[in-house]
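Enquirer: for reference, the sequence and a predicted model appear below.
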Amino acid sequence: MANDQVLTAEQVIDKTRVYLNEEHCEFVKRAYEFAKHSHREQYRKSGEPYIIHPIQVAGILADLEMDPATVAAGFLHDVVEDTDVTLKDIEVEFNDEVAMLVDGVTKLGKIKYKSHEEQQAENHRKMFVAMAQDIRVILIKLADRLHNMRTLKHLPVEKQRRISNETLEIFAPLAHRLGISKIKWELEDTALRYLNPQQYYRIVNLMKKKRAEREQYLVDVMDEVRSRMKEVSINAELSGRPKHIYSIYRKMVQQNKQFSEIYDLLAVRIVVNSIKDCYAVLGIIHTCWKPMPGRFKDYIAMPKPNMYQSLHTTVIGPKGDPLEVQIRTSEMHRIAEFGIAAHWAYKEGKALADTTSYEQKLTWFREILEFQNDTANAEEFMESLKIDLFSDMVFVFTPKGDVIELPSGSVPIDFAYRIHSEIGNKTIGAKVNGKMVTLDYRLKTGDIIEILTSKHSYGPSQDWLKLAQTSQAKNKIRAFFKKQRRDENVDKGRELVEKEIRAMEFDLKEILTADNLKKVAEKFNFANEDDMYAAVGYNGVTALQVANRLTEKWRKKRDQEQSATITNAISDMKAFPSTKKRESGVRVAGIDNLLIRLSRCCNPVPGDEIVGFITKGRGVSVHRADCTNIDSNDAQTRLIPVEWESSLNDRKEYNVDIEISGYDRRGLLNEVLQAVNETKTNISAVSGRSDRNKMATIIMSIAIHNVSHLQKVVDRIKQIPDIYSVRRIMN
């Protein structure tokens, strides 16, 4: 899966011919033709035909040797979201299996949400629930995200950072939990490149400097191991595995180390024919070099939840530095690279139903449906996933020897509720490794836990909500109190809803009528208003959601009145036109002689998407469409369409601030100034700084005519050696 190669549709079809029969290849090819026709007039931000993206997604899935339906869904994954094609069309043209996979990765586009974050959370909830029903949904989504990350350079800086953050928080951990290391590492490294380009390129440069020395060191180590294995007639493939950039960065941050203090930049991987040979090679390694205490892990005897198996050991190598060694069979290596995808890979004559045993091993994603039922809204659902599914894990044992996986930091209460909700509710104490412990004891990998219960227990304590770490335990505890304290929850819920309505500045008597309350309760599927208030009291639904439904009619009326106010404001400005000559280069669509000024917070220039904001007494302020200062609900009601005047764009100059990051060396600033001068661009201000990591940051204010002029300046600066990034900044 080389990230610099752009595949053609023919190359993707050729990949499938390696493992699919001709009938299935034709099925996949038909999906490509359908997608190509559906996306025929669409283009990506890069200017390329949109169909290039589905081709690359299908290519990644073909590299994983996925079944025909999954590769076909890779070609079709965006047609429902971005074209007029419906799921019914796909079902008729192909089959219900492909339609189900496409539906699983299709975003919710027709529903309006209060914020981008809420919409993203709802999209993720839909995707994860679909994934719990068929694991192939998430494999398609990971392939989609991987190609989007490879082409992230074509998006604005703000979007690059938001998408990269989301990738590190959700998609890379998900690839890890599924064991697909090939995708995980590339997602993490690419995300770091956009979130912290200075550190990313610094680590890249530092790794290049001593590459030859490290490679020779690996050659010497592998020659020594080969000669020892030859003596005992063990055949093996040896290779060096370089540390990924993100893993080095994490170690530097978490352990507060400099790059020079990171010794295990390389690891030796040994792939043998059998499990018996794995342990034999381990003995050879420990004979050659001294093992470091506490650094041996046997994932063959106890595989990771994502089915990863390998022997890991760290020894003091030939030059006295730590050397990591991984030993595994070829089948283990395949699973280590492709994870669950290795088991879903298509094989002639093998039905997908045969893979259910692998799904049973990945029990953690079945818990997603339980999270779906136990959480109040999509944002809480995503927080539950991040805590319970994507955090570091500990592995503990029941007294019978069963392994239970819990998030790091879990306590006996989490363990009890993971076994059964009734055991959790009746818990009175816990033993760890045969000794009594308090309920706030932090569980460690290898602990044997015994929960002490009593049928006379009064149930959980409110304090347990502070002790429990997993969302599952907290939700079960809340459910207990929900049943026990209905009247209290009704009063609490009513108070919270009334507080929200007052904050919206509405009259409670006007809003909280019997008819309105009954109507809204029915919309939320509650039998009566008390059930609705009780749900608010125990966080089954938020007070804001209920208040929004109750005030819906009145808010629409107020919005209409605000729109009328804006119309009147425009009429007033037209009645008293500005006598000052307009020099902004912008006009309100269809209206002349209004006082217009460019906002200084985002400095819009010709070529930017812009909107007008009606100010109080100062005419119309023009902002970039993505300016954060016009995101509030109040601001949205005062926006009007504006447009650039092309006649002024080539003559007028506009100030723009840019930030240039690079490696600090002698003469760097002079080269930057000279490069800008070559583009015949005026510079009004320059400032710079350098940190202890030799990273230089230059802030420059330049006068440009339009976006094309700005891009010309940026492209010229990027040609300078040791420049890592150039970005436009807002004040």
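Expert: Yes, it's here. Numbers count the residues shown, from 1 in each chain.

Enquirer: how about whichever strand or helix holds residue 230: buried residues?
Expert: Assessed by DSSP states H and E, residue 230 sits inside helix 211-231. By neighbour count on 16 or more other CB atoms under 10 Å, the buried set for helix 211-231 is 217, 218, 221, 222, 224, 225, 228, 229. Where C-beta positions appear, they are placed from N, C-alpha and C, glycine not excepted.

Enquirer: got it, and stretch 304-313?
Expert: 304, 306, 307, 308, 309, 310, 311, 312, 313.

Enquirer: show me which of the residues you listed is closest to residue 537.
Expert: Nearest to residue 537 among the buried residues of stretch 304-313 is residue 306, at 39.4 Å by CB to CB.

Enquirer: just to revisit the earlier point, tell me the mean pLDDT for the helix holding residue 230?
Expert: Helix 211-231 carries an average pLDDT of 85.

Enquirer: so what strands line up beside the helix or strand following that helix?
Expert: Using DSSP H and E, the helix or strand that follows helix 211-231 in sequence is strand 236-242. Strand 236-242 pairs in its sheet with strand 266-272 (antiparallel), by DSSP bridges.

Enquirer: relative to helix 211-231, how tilted is the partner strand?
Expert: Per axes from the mean of the first three to the mean of the last three CA atoms, to 10 degrees, the angle that strand 266-272 makes with helix 211-231 is 30 degrees.

Enquirer: contact partners of strand 266-272?
Expert: 214, 217-218, 221-222, 225, 234-243, 278, 281, 323-330, 333 (CB atoms under 8 Å, 6 or more residues apart in numbering).

Enquirer: also stretch 477-488?
Expert: Outside of stretch 477-488, the residues within contact range by CB under 8 Å, 6+ apart are 374, 417, 421, 424-425, 459-460, 462, 464-465, 468, 489, 534, 537-540.

Enquirer: switch to 10 Å and redo it
Expert: By CB atoms under 10 Å, 6 or more residues apart in numbering, the surrounding residues in contact with stretch 477-488 are 374, 376, 413, 417, 421, 424-425, 458-462, 464-465, 467-468, 475, 489, 491-492, 530-531, 533-535, 537-540.

Enquirer: which among those count as buried?
Expert: 374, 376, 413, 417, 421, 424-425, 460, 464, 467-468, 475, 489, 492, 530-531, 533-535, 537-540.

Enquirer: can you list the buried residues in stretch 90-110?
Expert: Buried positions in stretch 90-110, judged by neighbour count with 16+ other CB under 10 Å: 90-91, 94, 97-107.

Enquirer: identify each buried residue in stretch 705-725, please.
Expert: 705-707, 709-710, 712-714, 716-717, 723-725.

Enquirer: from the residues you listed, which land in strands?
Expert: If you go by DSSP state E, these have 723, 724, 725 in strands.

Enquirer: let me have the residues you listed in JSON lines, adding distance to residue 510 and pLDDT as columns.
Expert: Output for those, formatted as JSON lines (distance: CB to CB, whole Å; pLDDT from 0 to 100):
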{"residue": "723", "distance to residue 510": "61", "pLDDT": "88"}
{"residue": "724", "distance to residue 510": "58", "pLDDT": "85"}
{"residue": "725", "distance to residue 510": "54", "pLDDT": "86"}
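
Enquirer: low-confidence ranges in the stretch 151-300 of the chain?
Expert: 209, 242, 263-264 (pLDDT under 70).

Enquirer: for the protein, name the helix or strand with the lowest mean pLDDT.
Expert: helix 356-361 (a mean of 48; mean pLDDT, DSSP states H and E).

Enquirer: distance between the helix holding residue 230 and the chain's centre?
Expert: Between the centre of helix 211-231 and the centre of its chain there are 39 Å (CA atoms, centre = their mean, to the nearest Å).

Enquirer: then that helix to CSV, C-alphas only?
Expert: Coordinates of each C-alpha in helix 211-231 appear next as CSV, following Å, rounded to 0.1, in the frame of the first residue of the first chain:
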residue,chain,number,x,y,z
ARG,A,211,20.6,5.7,8.7
ALA,A,212,23.7,4.1,7.1
GLU,A,213,25.2,3.4,10.6
ARG,A,214,22.0,1.8,11.9
GLU,A,215,21.6,-0.3,8.8
GLN,A,216,25.1,-1.7,9.0
TYR,A,217,24.5,-2.4,12.7
LEU,A,218,21.3,-4.4,11.7
VAL,A,219,23.3,-6.3,9.0
ASP,A,220,25.9,-7.4,11.6
VAL,A,221,23.2,-8.5,14.1
MET,A,222,21.2,-10.5,11.5
ASP,A,223,24.4,-12.2,10.2
GLU,A,224,25.2,-13.3,13.7
VAL,A,225,21.6,-14.7,14.2
ARG,A,226,21.6,-16.5,10.8
SER,A,227,24.8,-18.3,11.6
ARG,A,228,23.5,-19.5,14.9
MET,A,229,20.2,-20.7,13.4
LYS,A,230,22.1,-22.5,10.6
GLU,A,231,23.9,-24.5,13.3
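
Enquirer: now, the buried ones among the contacts of stretch 477-488 that are in helices?
Expert: Using DSSP state H, 374, 413, 417, 421, 424-425, 464, 467, 475, 489, 492, 530-531, 533-535, 537 are the members of the buried ones among the contacts of stretch 477-488 that sit in helices.
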